[in-house]
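In: Show me the folded form of this:
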Amino acid sequence: MKIACIGGGPAGLYLGILVKRVAPEHDVVVYERNRPEDTFGFGVVFSDATLGHLAAADPETHAQITSRFARWSDIVIEVRGREQATLRSTGHGFCGLERKALLQILQQRAAELGVRTEFEHAVTLPEIAADVIVACDGVASGVRDALAAELRPDVDVRPNKFVWLGSTVPYDAFTFIFKDTPHGMFRVHAYRYHERGSTFIVECREPTWRAAGLDGADEDATVAILEQIFADELGGHRLIKNRSIWRNFPTVRCVKWHAGNVVLVGDAAHTAHFSIGSGTKLAMEDVIVLRDELLASPDDIPSALSAYEARRRPEVEALQAAAQASLQWFEGTERYARMAPVQLTYSLMTRSLRVSHASVAKRDPQLARGVERLLAGSVGVTTDPPPPPTALPYVLGDRRTANRLAVAGAPAWPAREIAGDEELVSLGAAATNGAGIVVTPAIPIVGGVAPRINTDEQAVAWARIADFVHGKGTRIVARIATAGAVAGALESAVQRAAFAGFDVVLLDPATDPVAIEHLPAMVECARRAWRKGAWIAACVHDRPHARATAVGAAAQLVRAGVDLLWVSAAADSQDANNARLPAATLADRLRNELSIATAVVADPATSLPDLDAAIGAGRADFVVVDRVPLGFHRR
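Out: Presented below is the predicted three-dimensional model:
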């Protein structure tokens, strides 16, 4: 079998090494457009998990790589704005290596094993005759572009500007700097890769970039401006350029990673934001799996490439989901400027939505306890140790909840107009099990055959249920369907909800586009009919086609008088299958940009520690589940 790698770099070299060390009879050639000594960028980061993969795939190369590592277990967060603070989070495991050193190790080992490397040799697909063609040609992949009709790539260019620099600061931890300036906020991602050098990535919003005069800056001017901005943080050290051009990060996804005998790896197939993953790390993990499948089926290349993609895609997409949440956090870091430094740090540590409160408590107990004490103090709880975040009370206007857990898991309505024992048992059970809030399924005003609240008799039936729930120390929310409703009918329903003793009215347009458009008017209508001091909530659905306007639409609801946004994500929304709380990113943004309380609807499989993290990080004030999690009432 002949394998040809286009683009070279660490991925192409490493694939050649992996193949030749166990099956030297195969021919591997790497076409590298650069010279051997050329390298762009500064350091490469590997996690402990990635190092385990490398050790299993090729212990010899792993040993050479790890002998050159700079290691650290801490993350430092420097806040330089309204508050000046430096916090250190412990319990992390990372290693940094100079990219040039990595390439030297791989080039030498590839040569020893008989991998042919043709430097300064750029090639295109038609020029290559091989059994397998592996595209390692990076984020601007020419191979991907040539096969776009079959691979169907999607490139999402993100709004923030960033530049990759080096620094002579020998950081002893992965360091994040958030610095407010007259131009706006800058973020720095910095980490050491050898004893005298560190990577220093600067990121900011485009208006900040322009205001600082960086829009017209070449590499030298960029270095000069940033050295001035970060003079205090650099402490006399210098910034270093190396093709340090300002860019916008492109998130690359492809419907397919292979076509015929051509297969993509690394950034050519997929990218993950630098705040959570290294493209080099992903590419090297890709080729480990690709090697395994090619050698398992050398006579059936299409099957081997399909097997590679089937094995690798779920892992990559899970990481991309986490990276998407992370990059959005960094795109909107300004919204967290009002947070206490300890909560900003906690929000940063859990930004991927894959780190639970229990994980934080295990890695860094001081950080977890610090957030718990901060939140407990904000609601007047003085017990020591403080309760977990979801167990804290909350004030809902003229009402107070015992905790932050909302249960909205009642079964579908029976075909009757008046609520009865079935609703009492369902909602009462959640209250008995310790929910802070129980939520009715949607109560229709028009249409449907479910229990309503349109008449005095129906309101009396609901009052019986509300009294039972209140007797358990729980609050109850009337979820009212607004689709097809007119102002008079809604006002009547809200008035009867007040008579029945509901604590909050939740207006739900479902997915009806007309009802969604009219929701601000429905909020104003409900406000006129609802009791003074009581809260009104409105449902906001995270819809892929409406993300660009989500904040503006929610702002209209806030102006109309809503007190709480109830945020959910469609099952088929972007990243929903990979994120534990798929609606958390939108809930976070709405809460912290609009200064409005939010409730985030959780996937049924979401664990209690994940729910705690959503509250602890300030993404939401309530978490919404379909049943009380096991063990919650014993906390």
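
In: count of residues packed around Pro170?
Out: 14 (other CB atoms under 10 Å). C-beta: built from backbone N, CA, C; applies to glycine.

In: I figured it was touching Gly197, is that so?
Out: Yes. Proximity of Pro170 to Gly197 meets the contact threshold set by CB atoms under 8 Å, at 7.5 Å.

In: In this structure Ile3 contacts His26, no?
Out: Yes. Counting by CB under 8 Å, His26 is a contact partner of Ile3 at 6.5 Å.

In: if you count what's nearby, which of the two comes out ahead?
Out: Using other CB under 10 Å as the criterion, Ile3 and His26 rank with Ile3 on top: 25 against 18.

In: Against Val262, how distant is that one?
Out: Computed as CB to CB, to the nearest Å, the Ile3 to Val262 distance reads 12 Å.

In: Alpha carbons only: can I get stretch 585-597 in PDB?
Out: Extracted C-alpha coordinates of stretch 585-597, given in PDB (Å, rounded to 0.1, in the frame of the first residue of the first chain):
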ATOM      1  CA  THR A 585     -24.900  29.100  26.200                       C
ATOM      2  CA  LEU A 586     -27.900  31.100  25.200                       C
ATOM      3  CA  ALA A 587     -29.300  31.300  28.800                       C
ATOM      4  CA  ASP A 588     -25.800  32.600  29.900                       C
ATOM      5  CA  ARG A 589     -25.700  35.200  27.200                       C
ATOM      6  CA  LEU A 590     -29.200  36.500  27.900                       C
ATOM      7  CA  ARG A 591     -28.700  36.600  31.700                       C
ATOM      8  CA  ASN A 592     -25.400  38.400  31.600                       C
ATOM      9  CA  GLU A 593     -26.000  40.800  28.700                       C
ATOM     10  CA  LEU A 594     -29.500  41.700  29.600                       C
ATOM     11  CA  SER A 595     -29.300  41.500  33.400                       C
ATOM     12  CA  ILE A 596     -32.300  39.300  33.400                       C
ATOM     13  CA  ALA A 597     -33.000  36.100  35.400                       C
END
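
In: For it, which outside residues touch it?
Out: Contacts to stretch 585-597, defined as CB atoms under 8 Å, 6 or more residues apart in numbering, come from residues 324-325, 328-329, 332, 335-336, 338-339, 353, 540, 542, 547, 550-551, 554-555, 558, 562-565, 567, 569, 579, 598-600, 614, 617-622.

In: Restricted to strands, list these.
Out: Among these, DSSP state E puts Val540, Asp542, Leu564, Leu565, Val567, Ala569, Thr598, Ala599, Val600, Phe622 in strands.

In: circling back: what touches both of Ile3 and Val262?
Out: Shared contacts of Ile3 and Val262, defined by CB under 8 Å, 6+ apart, comprise Val134.

In: need the helix or strand of the protein with the lowest average pLDDT.
Out: Within the chain, no helix or strand scores below strand 70-72, which has a mean of 82 by mean pLDDT, DSSP states H and E.

In: Next, the buried residues of it.
Out: Ala70, Trp72 (16 or more other CB atoms under 10 Å).

In: how far does stretch 326-338 stretch from start to finish?
Out: Criterion CA to CA, to the nearest Å; first-to-last residue distance in stretch 326-338 is 19 Å.

In: starting at the chain centroid, how far to it?
Out: Taking CA atoms, centre = their mean, to the nearest Å, the mean C-alpha location of stretch 326-338 is offset from the chain mean by 11 Å.

In: Can you mark which positions in that stretch are buried?
Out: Of all the residues in stretch 326-338, those buried under the rule 16+ other CB under 10 Å are Ser326, Leu327, Gln328, Trp329, Phe330, Glu331, Gly332, Thr333, Glu334, Arg335, Tyr336.

In: do the same with stretch 78-87
Out: Glu78, Val79, Arg80, Gly81, Leu87.

In: same question, stretch 388-397
Out: By 16+ other CB under 10 Å, the buried positions in stretch 388-397 come out as Pro388, Pro389, Thr390, Ala391, Leu392, Pro393, Tyr394, Leu396, Gly397.

In: Am I right that the fifth one is in contact with Thr383?
Out: No. Look at Leu392 against Thr383 with CB under 8 Å: they stay out of range, at 10.5 Å.

In: anything in contact with each of the two?
Out: In terms of CB under 8 Å, 6+ apart, Leu392 and Thr383 are both contacted by the residues Ala376.

In: Run me through the strand neighbours of the longest strand along the chain, direction for each.
Out: Looking across the chain with DSSP E, the single longest strand is strand 153-167. Sheet pairing of strand 153-167 (DSSP bridges) gives strand 197-204 (antiparallel), strand 239-240 (antiparallel), strand 247-254 (antiparallel).
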